[in-house]
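A.B. asks: Starting from these lines, generate the structure:
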Amino acid sequence: MDFNQIDQLKMELDELRPLPTAAVRNLEEVYRVEWTYNSNAIEGNTLTLLETKLVLEEGLTIGGKKLREHFEVVNHSEAISYVQDCGQSQDGFDRVCH
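C.D. replies: Presented below is the predicted three-dimensional model:
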């Protein structure tokens, strides 16, 4: 893939903006699960992508997996929320984000 193709795809995406609220919410959910899974897998977490999704979205625990791995999933998701909240404050940082 070359930069011209990337630029073209970016222009096509920009033409669709603003994205519908439901689409944005769906993308956030999908990428939160994938980002959490990939980040934790790099660190040695053995939960699969589907198991990560179940932990995040259903609050389930997975038999045969360590409790630590479940906490890594939940904590990573909470860290994403924290960073998003900081980014949405008026100056980028507020009392909560220090």
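A.B. asks: For the rest of this, base every contact and every neighbour count on C-alpha atoms.
C.D. replies: Noted.
A.B. asks: Low-confidence regions, this protein specifically.
C.D. replies: 1, 89-98 (pLDDT under 70).
A.B. asks: do that again at 90, thanks
C.D. replies: Low-confidence segments of the chain (pLDDT under 90): 1-2, 13, 16, 19, 84-98.
A.B. asks: Disregarding residues adjacent in the polypeptide, which is nearest to the residue positioned nearest the centre of it?
C.D. replies: Nearest to the geometric centre of the chain sits Arg32, at 1.8 Å (CA atoms, centre = their mean). With sequence-adjacent residues excluded and distances taken as CA to CA, 6 or more residues apart in numbering, Arg32 is closest to Ser77, at 6.8 Å.
A.B. asks: Please apply the same query to Val74.
C.D. replies: In space, Val74 is closest to Leu56, 6.5 Å off (CA to CA, 6+ apart).
A.B. asks: Counting by contacts, list what the strand or helix carrying that neighbour packs against.
C.D. replies: For Leu56, the element it lies in under DSSP states H and E is helix 49-58. The elements that helix 49-58 packs onto, with contact taken as 3 or more CA pairs under 8 Å, 6 or more residues apart in numbering; DSSP states H and E, are helix 21-42, helix 67-88.
A.B. asks: Tabulate these in TSV, adding columns for distance to Glu12.
C.D. replies: Formatted as TSV, the helices and strands packed on helix 49-58 follow (distance: least, CA to CA, whole Å):
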stretch	distance to Glu12
helix 21-42	16
helix 67-88	25
